[in-house]
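Asker: here are the coordinates; sequence isn't available:
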C-alpha cells in the first residue's frame, strides 16, 4: 500500500506537469490573432488567457468524467491490481509529456489532448491488454469529435467571415470600419481562453481522479473530481500559460500577420462556440485543431484566398501522428513496468526527468524561430494564401460596369452634342460668308 501511495503521488506530480506543458503548448493559441492584429499586447494577452483558464476550469467537469469513467474499463483496473494500473497511468503520462515537449521544441503540429489520450491508451494496452480500453467511448468521445470539430469550426468561421465582410463592405470610398473588429477580438479571444479551461484542464483532472479511484482514495461512484484536484489543475494550466507561453506567442505574432481583424474575430468566435458546446457534451477536443480549422476557414472566407495544400497537409499529418506516436512512447514506458515492476517505475521516472530537462535545456540554446517553434494555429495562418489586393466582388463588378457604361454614354452624348454644335457653327459661318 505504501508503494501504491508513492506511485499515486508521482502520478499526481507528473499529471500536473503535463497540465503545465499543456498551458504553454496550447493555450497561447487563444491569443494568437489579437496579438497579430495589435488588439492586445503580448504580456497582457497571456495574463488574460491565464486568468480565464483558471476560471474556465471550474465551469464544467463533463470532460473529466470522460477520462476518469470513460476510456478505461473499471473491470480492467480491478483485475490488474491498483499498483500495476497506477504504474500504467504513470507510463502513459510519460508518453504524453515526452511527445508534447518534443513537438514543442521541433515545431511539429500536435495536440496536447491527443498526446495524453495516446499515452494512456498505449500504456494501458501493454499493461492490461486490449480489454482495458473502451474503444466505443474512444471512438465516440475522442476520434469522431477530432475529425468533425475542426471541419465544423472551419465552416462556421468561413460563413462568419463572409458575413462580416459583406456587412462592412463599402463602395463610396469611405472607411469600412473593420478596425472595430480588433476590439471585438478582445472579447472573442477571451472566450477561447475560457473555453480552453473548460476542456483541456479537465483532462488532467480526469487522470488524477482515475488514479485516486484506482487506489481507493475516491469512490468509483463519485464521477466529479475533488475540489482540490480542480483547483490544482486550474492553477497549473494557468501558470503554464503565463510562464511558458512566450515561445509560442512570439511565433504566433509572426505567423499570423496575414490575419485581418474581421477574420480573427470570426475565427475566435467559431473556436469558442465549438469548444464550449463540446465541453458541455463531454467531448474531449483538441483546442489547437479546432482553432486551426477556424483560422483556415476564416482565411478562405476572404476573397481571392487559396489554400497552400502542402502546408495544410503537414498540419494534417501532425494531427494524425500525435495519438499513435504518444501511444508508442507510453507503451515503451509501460513495458519497463511490466518487465521490472517498481524498478521499471523508477527507471521511467529517471528517463522522464532526463528527457524533460534535456529538451528544456535544448530549447534554451536556440532562438525562437518559425522553424523550431511553429504551433498548429500559427502554421494554419500560413496554409491560406491571401492576395495583397483581393479581387472585386460580383456586386463591385456590376457597379463598375454600370459606371463604365454610364461614362461611355455620357461621353457619346458629349461628342454628339459637340458634333452638332460644330456643324451648326460651320453652317452659320458659311451663311455669313455668302452674305
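Answerer: Yep, that arrived. For clarity, every value in this text was computed on a predicted model and none was experimentally measured.
Asker: Run through the stretch 201-350 of the chain and note the low-pLDDT ranges.
Answerer: Along the stretch 201-350 of the chain, the parts satisfying pLDDT under 70 run over 244-259, 304-308, 311.
Asker: In it, what residue spans correspond to helices?
Answerer: All helices of the stretch 201-350 of the chain, identified by DSSP state H, counting those that start in this stretch, fall at 227-244, 246-255, 261-281, 287-300, 309-340, 342-365.
Asker: and residue 276, how many neighbours?
Answerer: Using other Cβ atoms under 10 Å, the number of residues around residue 276 comes to 18. From N, CA and C alone the C-beta is placed, and that goes for glycine too.
Asker: err, residue 83, not the other one
Answerer: If we define neighbours as other Cβ under 10 Å, then residue 83 has 21 of them.
Asker: tell me which element it falls in.
Answerer: Taking DSSP states H and E as the definition, residue 83 sits inside helix 82-106.
Asker: Would you mark the buried spots in stretch 127-135?
Answerer: For stretch 127-135, a neighbour-count test (16 or more other Cβ atoms under 10 Å) marks 127-128, 132-134 as buried.
Asker: Reformat those residues as a markdown table; add distance to residue 93 and pLDDT.
Answerer: As requested, the buried residues of stretch 127-135 are arranged in a markdown table below (distance: Cβ to Cβ, whole Å; pLDDT from 0 to 100):
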| residue | distance to residue 93 | pLDDT |
| --- | --- | --- |
| 127 | 13 | 83 |
| 128 | 16 | 82 |
| 132 | 16 | 79 |
| 133 | 16 | 83 |
| 134 | 19 | 81 |
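Asker: between the helix holding residue 83 and helix 309-340, what angle do the directions make?
Answerer: Interaxial angle of helix 82-106 relative to helix 309-340 (axes from the mean of the first three to the mean of the last three Cα atoms, to 10 degrees): 150 degrees.
Asker: If you count contacts, what does helix 82-106 end up packed against?
Answerer: Contact here means 3 or more Cβ pairs under 8 Å, 6 or more residues apart in numbering; DSSP states H and E; on that basis helix 82-106 packs against helix 2-26, helix 74-80, helix 112-127, helix 181-215, helix 309-340, helix 342-365.
Asker: gap between the fifth one and the chain center?
Answerer: Just to be clear, that refers to helix 309-340. 18 Å (Cα atoms, centre = their mean, to the nearest Å).
Asker: picking up where we left off before, which residues in the helix holding residue 83 does the neighbour count mark as buried?
Answerer: Buried residues in helix 82-106, defined by neighbour count with 16+ other Cβ under 10 Å: 82-105.
Asker: that older thread, go through the helices and strands packed on helix 82-106 and name the closest to residue 278.
Answerer: Of all those, the one in closest proximity to residue 278, counting by Cβ to Cβ, is helix 181-215 (6.8 Å).
Asker: Measure how that closest one sits relative to helix 82-106, angle-wise.
Answerer: 150 degrees.
Asker: what angle do helix 181-215 and helix 227-244 make?
Answerer: With the same axes, to 10 degrees as the criterion, the two stretches helix 181-215 and helix 227-244 enclose an angle of 130 degrees.
Asker: My guess is residue 48 contacts residue 192. True?
Answerer: No - judged on Cβ atoms under 8 Å, residue 48 makes no contact with residue 192 at a distance of 10.8 Å.
Asker: ok, those two, which is more surrounded?
Answerer: Here residue 48 and residue 192 are set side by side on neighbour count (other Cβ under 10 Å), and the busier one is residue 192, at 34 against 20.
Asker: Quick one: neighbours of the closest residue in space to the more buried one that isn't next to it in sequence, just the number.
Answerer: On the basis of Cβ to Cβ, 6 or more residues apart in numbering, the spatially nearest residue to residue 192 that is not a chain neighbour turns out to be residue 30, at 3.9 Å. Counted by other Cβ under 10 Å, the residues lying close to residue 30 total 34.
Asker: ditto for residue 333
Answerer: Here the number of neighbours of residue 333 (other Cβ under 10 Å) works out to 30.
Asker: if I pick it, what's in contact with it?
Answerer: Residue 333 is in contact with 90-92, 94-95, 123, 348, 351-352, counting by Cβ atoms under 8 Å, 6 or more residues apart in numbering.
Asker: repeat that for 6 Å
Answerer: The contact partners of residue 333, by Cβ atoms under 6 Å, 6 or more residues apart in numbering, come to 91, 94-95, 348.
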